[in-house]
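J.: starting from these lines, generate the structure:
(2 chains)
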Number of protein chains: 2
Amino acid sequence: MEPISLFFKHLALPSPLCRLMEDLADIPDLSRGQAMLGGGNPAHIPEVEAAVTKAVMDLAKDPSGLARAIGDYDPPRGNIRFIEVLSELLRRRYGWPIGPDNIALTNGSQSAFFALMNLLAGRMDDGTSRKVLLPLAPEYMGYMDAAVDPGVFVTIPAKIELIGDHSFKYHPDLDAIRIGPDIGAICVSRPSNPSGNVLSDSELERIWQLAAGHHVPLILDCAYGPPFPDIVYTQVSAFWRPGTILCLSLSKLGLPGVRTGIVIADPVVIHAVASINAATGLAPGGVGPAIMTRLIEEGRLETLCQEVIRPFYSRRAQMAVQILTDRLGGLPFRIHRPDGGFFIWLWLEGLPVGCLDLYERLKAAGVVVVPGRHFFIGSARDWPHADQCIRISYTTDQAHLEFGLDRLCTVIRQLYQAG
Amino acid sequence: MEPISLFFKHLALPSPLCRLMEDLADIPDLSRGQAMLGGGNPAHIPEVEAAVTKAVMDLAKDPSGLARAIGDYDPPRGNIRFIEVLSELLRRRYGWPIGPDNIALTNGSQSAFFALMNLLAGRMDDGTSRKVLLPLAPEYMGYMDAAVDPGVFVTIPAKIELIGDHSFKYHPDLDAIRIGPDIGAICVSRPSNPSGNVLSDSELERIWQLAAGHHVPLILDCAYGPPFPDIVYTQVSAFWRPGTILCLSLSKLGLPGVRTGIVIADPVVIHAVASINAATGLAPGGVGPAIMTRLIEEGRLETLCQEVIRPFYSRRAQMAVQILTDRLGGLPFRIHRPDGGFFIWLWLEGLPVGCLDLYERLKAAGVVVVPGRHFFIGSARDWPHADQCIRISYTTDQAHLEFGLDRLCTVIRQLYQAG
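T.: Numbers count the residues shown, from 1 in each chain, chains lettered A, B, ... in the order given. Sure, this is the predicted structure:
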């Protein structure tokens, strides 16, 4: 195919995201010495799988259930019944001033980011260009891949708080945020993918005030956070205000295969997302919304999140930190304080090789992680720190996690000792 | 939101497709005098629903079944097991020289068109622009909505063969096809959405030869055609050759809610579609592929298509033609010969109002159809014929269909008599 379309060149070439998703599909085989600590696949939690299977079986018995969810198109905005049930839940639980007109569904969060980045940034019809400000780098690589036009992102490197000998925490450098007329949106993940950092309520409030003061929408990516799956180990509140574009997902709850993302925003944004849904895929899928409607109506969603999902990942995070701390003892490693999400973010200062090199060496040793560099977008790429981190998922089963971390520590120790 | 991004302006404003999909979601109420003869929702065929529900129940009992389909991400190319089963089926049944590397999945056919139109046409990285040639207008409106850059389509109006007093058939005007260096792809639906026309094997062969002779890929949209659901009432063969990009779907089989589209093409195209999948949505959904794998492995797919689905729609088409012929007697109407698909394409020559006006009058009378004008893209818009047709779906239940057609005929007769 020569020449190449600009759409393809900018959007999909080269794509670390595609590489990551392909890595994810290579099922690791412990007996062959392999462990997948790379992607963002949720864990297979028996209680979650049982609840989802039960919901599907119940739907199959309901004449307006499964046959309707599979056999009918939803409107471009997504399944109306689920949207109504969800808006009622959020209004009741948090008092948010929202209704069904504030909600659209997408085929997963990435589809929402694709719609939003290209709606709010890139080339404008008045000849100008707009950018998306990421106020805390490192930040999720999927945003970058979602922009059709090049050079859409401006990033602000995080401030680093060192904690003890082997821990650290990012904070947004709020004083460095400059919102000019070229900024079309501010975007931040909470919990952060990749670092597991969780913005405090006051940090988020400050960012929202900056955005609102400049009439710029704030895209708040809570794929891992509250209201659900709420995989957060610190005390923070769910957040929505007018001007916020809150992006949620069923994936990290345990349902990535149904491809359901949720956008909660002002109606003008919802209408635009629906139009983009129609053009790019007619309508979002119906199976995820049907399952979720049942879980909400039966009152099971909150119990699953608070009593099953969060404790599960919290235990995994503690286990991973423990293994790394034990096995890397004496080396100059630091682990970002795991405040939520699926990932350990490991900072290896002074490692003789960069993180891309480390990724290849680990992969050759059977352990797949994600090199940290992919999460440093725009000018943050030049930061030396960008080459010193890797993202480690702790969602795989315990045997793979222990094996993978053990081997990872061996490779890292050898590199430090050889360097 | 001022200014508007070019992406949004070109892709999603204005969007007749979005309007169509929204119409589709307004559930008609026969008791209130409403009938939905607009969208492309498949019929609720009991045998199909039973087979799908059984497949889901079986998957729920299989530890590597439903929990895997819902709980894991597939790679960007889509579920590998389904891709393998499908490529084996197509190789065995048709002898096509394809393997798993020739297949990618998408979140429905529209997502495939979105990927393909922007991969093969629009602004190129050498400064040129490429277009998609639609060799038979009217053609599916969803293609037009899928292009991010404006002015991407060139169309060739169909040649009209008049048949008797009240029937007609389109043929591609093959001598009018000019393939210059600016043509990035040729695209045609078979059966045609909207007209129900089905290109003959020899017509398709000629179009493929023209495309191949200029090294231009042929996008062949068989959402309604062979290999499945194969809703074709004439004798034609399934078609794939190197250079063809065959687009299939599970939607018209009866599963629009799972959002599964299928692209069968040369590996370079498959790889590009997978990269675009990653950027726009990480991965396609897993539920549709899991259901379909079971239907294929149990040998139920072909039986459903040949013994249930095609006869069902064939009977509906005959019923619709009969009602229209009876109720429009004496008026200068013509019905496109219904060779396949979900739609009656009604040509009302000399009607005193245009089709957009007719659409509004019918909607006010409780009957939703799709005005034909939306399917005449590019220069074909100027053809007077473009304002004289409407698309009528015959997939709704029999009572709605009879009621809707009856009322539609009443409105049309009144318009002719008043004109």
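J.: and the longest helix for chain A?
T.: Assignment by DSSP state H gives helix A:398-418 as the longest helix of chain A.
J.: and that helix, how far out from the chain middle?
T.: 25 Å (CA atoms, centre = their mean, to the nearest Å).
J.: now look at that helix and say if it contacts chain B.
T.: No - legend: contact between helix A:398-418 and chain B by CB under 8 Å from any CB of the partner chain is lacking; minimum distance shown is 14.3 Å. Where you see a C-beta, it was placed from the backbone N, CA and C, and this is true even at glycine.
J.: the stretch 251-400 of chain A: helices as residue ranges?
T.: Using DSSP state H, counting those that start in this stretch, the helices assigned to the stretch 251-400 of chain A run over residues A:267-281, A:287-297, A:300-303, A:310-327, A:355-364, A:398-418.
J.: just to revisit the earlier point, list the buried residues for the longest helix of chain A?
T.: Judged by neighbour count (16 or more other CB atoms under 10 Å in any protein chain shown), helix A:398-418 contains these buried residues: A:400-401, A:403-405, A:407-409, A:411-413, A:415-416.
J.: pLDDT on it, on average?
T.: Helix A:398-418 carries an average pLDDT of 95.
J.: check stretch A:118-125 too.
T.: 95.
J.: who touches that stretch?
T.: Contacts to stretch A:118-125, defined as CB atoms under 8 Å, 6 or more residues apart in numbering or on different chains, come from residues A:129-132, A:146-149, A:152, A:184-185, A:217, A:219, A:269, A:272-273, A:276, B:1, B:3-9.
J.: could you find the closest non-adjacent residue to A:Ile219?
T.: Closest residue to A:Ile219 apart from its sequence neighbours, by CB to CB, 6 or more residues apart in numbering or on different chains: A:Cys187 at 3.9 Å.
J.: for the helix or strand containing the one you found, name the packing helices and strands.
T.: Taking DSSP states H and E as the criterion, A:Cys187 maps to strand A:183-189. Using 3 or more CB pairs under 8 Å, 6 or more residues apart in numbering or on different chains; DSSP states H and E as the contact definition, the elements that strand A:183-189 packs against are helix A:109-120, strand A:129-137, helix A:201-213, strand A:218-221.
J.: okay, angle between the helix or strand of chain A with the lowest mean pLDDT and helix A:355-364 too, please.
T.: Least confident helix or strand, chain A: helix A:16-25 with a mean of 70, by mean pLDDT, DSSP states H and E. Helix A:16-25 and helix A:355-364 are oriented at 20 degrees to each other (axes from the mean of the first three to the mean of the last three CA atoms, to 10 degrees).
J.: now find how far off-centre helix A:16-25 is within its chain.
T.: Offset of helix A:16-25 from its chain centre (CA atoms, centre = their mean): 15 Å.
J.: strand partners (parallel or antiparallel) of the next helix or strand after it?
T.: Sequence order places strand A:35-36 as the next helix or strand after helix A:16-25, per DSSP H and E. In the sheet, strand A:35-36 lines up against strand A:367-368 (parallel) (DSSP bridges).
J.: can you get me a residue count around A:Cys247?
T.: Neighbourhood size, A:Cys247 [other CB atoms under 10 Å in any protein chain shown]: 23.
J.: quick check, it in a strand?
T.: Yes - counting by DSSP: H, G, I helix; E, B strand; the rest coil, A:Cys247 is located in a strand.
J.: specify the beta-bridge partners of it.
T.: Beta-bridge pairing for A:Cys247 (DSSP bridges): A:Asp221, A:Val263.
J.: so it makes contact with A:Gly261?
T.: Yes - under the criterion of CB atoms under 8 Å, A:Cys247 is in contact with A:Gly261, at a separation of 6.6 Å.
J.: give me the common contacts of the two.
T.: Any residue near both A:Cys247 and A:Gly261 by CB under 8 Å, 6+ apart counts here, and that gives A:109, A:112.
J.: hmm, back to that, CA atoms of the strand holding A:Cys187 as CSV?
T.: Only the C-alpha atoms of strand A:183-189 are listed here, as CSV (Å, rounded to 0.1, in the frame of the first residue of the first chain):
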residue,chain,number,x,y,z
ILE,A,183,-5.9,23.7,24.8
GLY,A,184,-9.1,21.8,23.8
ALA,A,185,-9.2,19.5,26.8
ILE,A,186,-7.3,18.3,29.9
CYS,A,187,-7.1,14.6,30.5
VAL,A,188,-6.0,12.5,33.5
SER,A,189,-6.4,8.9,34.6
